[in-house]
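Task: produce atomic coordinates for the following.
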Amino acid sequence: MSYYAASKHALEGFSESVAQELDPAWNIQITIIEPGPFRTRSFRDDAMQSSVQHPAYANPDLPGSKFREWAATNVVDGDPDKAVVVMEKLTHLDEAPMRLPLHRVAVRGGRAKATSLTETMDKYESWSEDVYCT
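All right, here's what the predicted structure looks like:
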């Protein structure tokens, strides 16, 4: 999953950078759509194939093992046709968001990440107090 996650992070970083470089006069907006589990052709029970888990990652407490368990036991309940309606609605906004979490799993994950980042900033903010040129 790390290769998959890394490719998504690369696209997010690229999209954020391009969004900051665009001339507002061009009226081009970028939104990173962050979908949760949708029942698409590639995310069906008969289309998903899981490779054998490498023994080095087999510890059931590791995040990779937990994700494999989640993927095998959770319902993929997102309706892609309904998601397309939301995406089309997005194209009509005057001020589109930089990110659009699209599914309760994506919203929950986004909130957890925001909480974690805020906690880290609060805990280590003081470390930045004396790192400046005088």
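
Pull out the buried positions in the least confident helix or strand in the chain by mean pLDDT.
Least confident helix or strand of the chain, by mean pLDDT, DSSP states H and E, is helix 63-73 with a mean of 80. Buried residues in helix 63-73, counted by 16 or more other C-beta atoms under 10 Å: residue 68. No exception for glycine: its C-beta is placed from N, CA and C like everyone else's.

Helix or strand: which one has the residue at minimal distance from the centre of the chain?
Centroid-nearest residue in the chain, with C-alpha atoms, centre = their mean: residue 34, separated by 4.9 Å. Residue 34 belongs to strand 32-35 when assigned by DSSP states H and E.

Return the residues in contact with the residue nearest to the centre of the chain.
With contacts defined as C-beta atoms under 8 Å, 6 or more residues apart in numbering, the neighbours of residue 34 are 99-102, 106, 110.

Residue 50 in helix, strand or coil?
The three-state assignment at residue 50 reads coil, by DSSP: H, G, I helix; E, B strand; the rest coil.

Residue 57 and residue 71, how far apart?
Distance of residue 57 to residue 71, computed by C-beta to C-beta, to the nearest Å: 14 Å.

same check, this time on residue 103
Plainly put, residue 103 is 14 Å away from residue 71 if you go by C-beta to C-beta.

ditto for residue 105
Counting by C-beta to C-beta, the gap from residue 105 to residue 71 is 11 Å.

One more: residue 38?
Distance, residue 38 to residue 71, using C-beta to C-beta: 13 Å.

if we can go back for a sec, out of the contacts of residue 34, which are inside strands?
Residues of the contacts of residue 34 located in strands (DSSP state E): 99-102.

what's the closest of the residues you listed to residue 8?
The closest of the ones in strands among the contacts of residue 34 to residue 8 turns out to be residue 99 (C-beta to C-beta; 12.1 Å).

Tell me how many other residues crowd residue 38.
As a burial measure, residue 38 scores 19 neighbours (other C-beta atoms under 10 Å).

Surely it touches residue 84?
No - counting by C-beta atoms under 8 Å, residue 84 is not a contact partner of residue 38; they are 9.9 Å apart.

Neighbours of residue 105, how many?
Using other C-beta under 10 Å, residue 105 has 19 neighbouring residues.
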